[in-house]
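Peer 1: Fold the following, please.
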Amino acid sequence: MEKINVTDMHTGGEAVRIVTGGLPRIDGATILDKRAYARTHLDGLRKLLMWEPRGHYDMYGVLPVAPSLPDADLAVLFIHNEGYSTMCGHATLALARWAVDEGIVAAREPVTQVRIECPCGLVVAEVEVKDGKAGAASFESVPSFLLHRDQTLQLDGRTIRFDVSYGGAFYAIADCTQWGLEFGHSRTRDFIDAATALTEAVKASLPITHPDHADLGFLYGSILTDGGDGTNAPTRNVCVFADAEVDRSPTGSGVTARLAAMFAKGEVGLGETRQFESIAGSRFTGEVVRETQVGAHRGIVAKVAGRSFYSGRAEFWREEDDELGKGFLLR
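Peer 2: Purely as a prediction, here's the structure:
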């Protein structure tokens, strides 16, 4: 009987299921090769862990793999309801704390550095440590940039203005008031429908390419914001990604993408910190720490900080004649 051990955490309310035992070998010379191998050969494992009856439509998980970069402390693949993402900030914050607690990286006070190889590249995280216990974490993003600025398209009779920005994954970013939506008053379902429609329309109308690797060139989802910039009060947003999956956290890669767009537009400067709040009320801070270049694009490196917590540990298995146990979704 196949048995898989996991540790469950959450960051800002968003689930992080880390596989800690029973993971089959994942081959590949690079992290993107390993991502392709898992997608081709191990997709049944993703469904078993992410889908019902062990997970749910909005579940999120992590598959640790052997690092291909010599200076990485660990390497990971990210999984969700539809497939395999290239970056996940909320999972990175959880992984950093977990790596210190598990002794994968030796704890050093007051801050321990954890170097995590993600499909988008090496992400350097820092974990606060006091009396040997890991706490809040932050990470410096991969180089991020604004790809398409101030674009418009027609959706249900509305002219929608949006940007497309990269923060380890590409997102369309738009002010939710263009749909008549308001955080705290509109239904989550209405945010999902608007963001999903935007994602599909952008996929159909704009090229999404990354100068470093073709596997990074796809639109992961859409982020609807309250139109604020997080200066004097947190700016709220909701990220709808993959197959209409809703992030409960402010979205680490999404905060990075928003900062890259804001920087390109002169709305945030080097060294400036902004506050970002999720649809569930959790908060991340984001800071532009330095400028960089990504191919022909002027970009940034951002620092994103948040807090992760443990939810529990489990051992999962599937009996041979349990067809529903392979995983299913009702939504």
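Peer 1: per-residue confidence for the residue nearest to residue 153 when sequence neighbours are not counted?
Peer 2: Counting by Cβ to Cβ, 6 or more residues apart in numbering, residue 201 is the residue found nearest to residue 153 once chain neighbours are left out, at 5.4 Å. To be clear about C-beta, it is placed using only N, CA and C from the backbone, and glycine gets the same treatment. In this model, residue 201 is scored at 98, pLDDT.
Peer 1: In three-state terms, label the closest residue to residue 158 other than its chain neighbours for me.
Peer 2: Once flanking residues are discounted, residue 158 sits nearest to residue 178: 6.3 Å by Cβ to Cβ, 6+ apart. Three-state assignment for residue 178 (DSSP: H, G, I helix; E, B strand; the rest coil): helix.
Peer 1: Distance of residue 178 relative to residue 146?
Peer 2: Distance, residue 178 to residue 146, by Cβ to Cβ, to the nearest Å: 19 Å.
Peer 1: for this protein, what's the longest helix?
Peer 2: helix 188-205 (DSSP state H).
Peer 1: residues of it that come out buried?
Peer 2: 191-196, 198-199, 201-202 (16 or more other Cβ atoms under 10 Å).
Peer 1: what does stretch 229-244 give?
Peer 2: In terms of neighbour count (16+ other Cβ under 10 Å), stretch 229-244 has its buried residues at 229-230, 234-242, 244.
Peer 1: Leaving out sequence neighbours, find the closest residue to residue 3.
Peer 2: Among residues not flanking residue 3 along the chain, residue 317 sits closest, at 4.7 Å (Cβ to Cβ, 6+ apart).
Peer 1: Per-residue pLDDT of residue 132, please?
Peer 2: pLDDT, residue 132: 85.
Peer 1: Also residue 269?
Peer 2: 96.
Peer 1: so it sits in a helix?
Peer 2: No - the assignment for residue 269, made by three-state DSSP, is coil rather than a helix.
Peer 1: From residue 128, how far out is the closest residue to it other than its chain neighbours?
Peer 2: In space, residue 269 comes closest to residue 288 once its chain neighbours are excluded; the distance is 6.9 Å by Cβ to Cβ, 6+ apart. Distance from residue 288 to residue 128, counting by Cβ to Cβ: 21 Å.
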